[in-house]
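Student: No letters, just coordinates:
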């Protein structure tokens, strides 16, 4: 990893300490969480999947989005999210958030098909 991404990736990785990870990707790129509005900037981070949840640990700011797998409504692909796009297909996850409202996140991941398979299994 690079001079910036290395330390930030390792810091994000600490959010996963002690978890039994089924799948992980460093350097995923989030286009934002729908409930947090369109003003969010895209953010790199580490994406991880456990038997119980999907987690995205964003590098800057240092924050974690936790999505219980039992709350996931749909896993699809998208071309854009919150008015942002990167010219590649995105992994889009829709779920019911802690306020019992529908929410979603879209992420660029290196192996989209593998993530789709892992989340649909």
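Tutor: Structure received. What you see is a predicted model; the values in this text were computed from it and never measured.
Student: And for residue 62, the neighbour number?
Tutor: Neighbourhood size, residue 62 [other CB atoms under 10 Å]: 13. Where C-beta positions appear, they are placed from N, C-alpha and C, glycine not excepted.
Student: so it touches residue 11, yeah?
Tutor: Yes - counting by CB atoms under 8 Å, residue 11 is a contact partner of residue 62 at 6.4 Å.
Student: got the buried residues for the least confident helix or strand in the chain by mean pLDDT?
Tutor: Between all helices and strands in the chain, the lowest mean by mean pLDDT, DSSP states H and E belongs to helix 5-13, at a mean of 81. By neighbour count on 16 or more other CB atoms under 10 Å, the buried set for helix 5-13 is 8, 9, 12.
Student: show me what contacts the second one?
Tutor: When contacts are counted by CB atoms under 8 Å, 6 or more residues apart in numbering, residue 9 is found next to 1, 26, 27, 46, 59.
Student: Could you report the separation of it from residue 121?
Tutor: For residue 9, the distance to residue 121 equals 26 Å [CB to CB, to the nearest Å].
Student: Also residue 49?
Tutor: Note on residue 49: its distance to residue 121, by CB to CB, is 10 Å.
Student: for residue 64, same thing?
Tutor: Distance from residue 64 to residue 121, by CB to CB: 23 Å.
Student: out of those two, which sits in the more crowded spot?
Tutor: Taking other CB under 10 Å, residue 64 and residue 121 do not tie; residue 64 has more neighbours (14 against 7).
Student: Surely the more buried one touches residue 48?
Tutor: No - with contacts counted by CB under 8 Å, residue 64 stays clear of residue 48, the gap being 9.7 Å.
Student: I am finished for the moment; much appreciated.
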